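>>> Just to be clear, the model below is a prediction. Sequence and coordinates:
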Amino acid sequence: MLSEHQKETAFLRRCIAYEEGAAGRQLDERIAQIQRDERCLRRAAWLLGLLAALAVAGLGYLCVLLEDFPEHMSVFSAQYATKVVCTLGVGSLISLLTFAGFGIRYRRELNLRREECRRLVTNLLESRLGKVPATRRNGELKEAEVGALRSGLTMPDGEH
């Protein structure tokens, strides 16, 4: 199931497909690349989360579930196994934090490209359909504007 963010991005990408210049094509390619990178990053983060969980389970096994842990294993191998599991866990957590930073960076860049896409679509619509006939406040048309639009009249320039 797609999120609202993904649906809006897909809609904007379809809208810029109508733009005939190279700017629309380049913007679409850049958005697609960012989305691929973000998906790849999410998969890698999922894998590292799994590794961190396995490290915690391994440490729990070494410390709690294995009876007479130091006695059955030599001191060297006990220390080695513990170090490996701890290193795996800490490395996974550090990598997860790094990937979270990259995820934030990709999301910001995607938001910038989406804003660029909105500007391009607005320019495209204005060039093909003309300027918006009525001004809006807070996203809603005023009563006079609604009446004028219904009757097919345009608003005088001084009236907003």
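Yep, that arrived. The structure presented is a predicted model; accordingly, all values stated were derived computationally and were not measured. Numbers count the residues shown, from 1 in each chain.

>>> All the helices of this structure, residue numbers only.
With helices called from DSSP state H, the chain shows them at 4-16, 22-60, 69-72, 75-129, 143-151.

>>> Now render those as a markdown table, adding mean neighbour count and mean pLDDT.
To be clear about C-beta, it is placed using only N, CA and C from the backbone, and glycine gets the same treatment. Below are these laid out as a markdown table (neighbours: other C-beta atoms under 10 Å; pLDDT from 0 to 100):
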| stretch | mean neighbour count | mean pLDDT |
| --- | --- | --- |
| helix 4-16 | 14 | 87 |
| helix 22-60 | 15 | 92 |
| helix 69-72 | 11 | 60 |
| helix 75-129 | 14 | 88 |
| helix 143-151 | 12 | 57 |
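
>>> Can you tell me how far Leu125 is from Cys15?
Distance of Leu125 to Cys15, given as C-beta to C-beta, to the nearest Å: 8 Å.

>>> before we move on, what about Glu38?
Taken as C-beta to C-beta, the span from Glu38 to Cys15 is 21 Å.

>>> Please apply the same query to Glu109.
In terms of C-beta to C-beta, Glu109 sits 19 Å off from Cys15.

>>> before we move on, what about Asp37?
As for Asp37, its distance to Cys15 is 22 Å (criterion: C-beta to C-beta).

>>> go on, Arg114?
Applying C-beta to C-beta, the value for Arg114 to Cys15 is 11 Å.

>>> What of Thr82?
56 Å.

>>> do Thr87 as well
49 Å.

>>> what's the answer for Gly91, then?
Distance, Gly91 to Cys15, by C-beta to C-beta: 43 Å.

>>> and what of Leu50?
Computed with C-beta to C-beta, the distance linking Leu50 and Cys15 is 38 Å.

>>> Identify the residue spatially nearest to Arg25, adjacent ones excluded.
Nearest residue to Arg25, sequence neighbours excluded (C-beta to C-beta, 6 or more residues apart in numbering): Glu19, at 7.9 Å.
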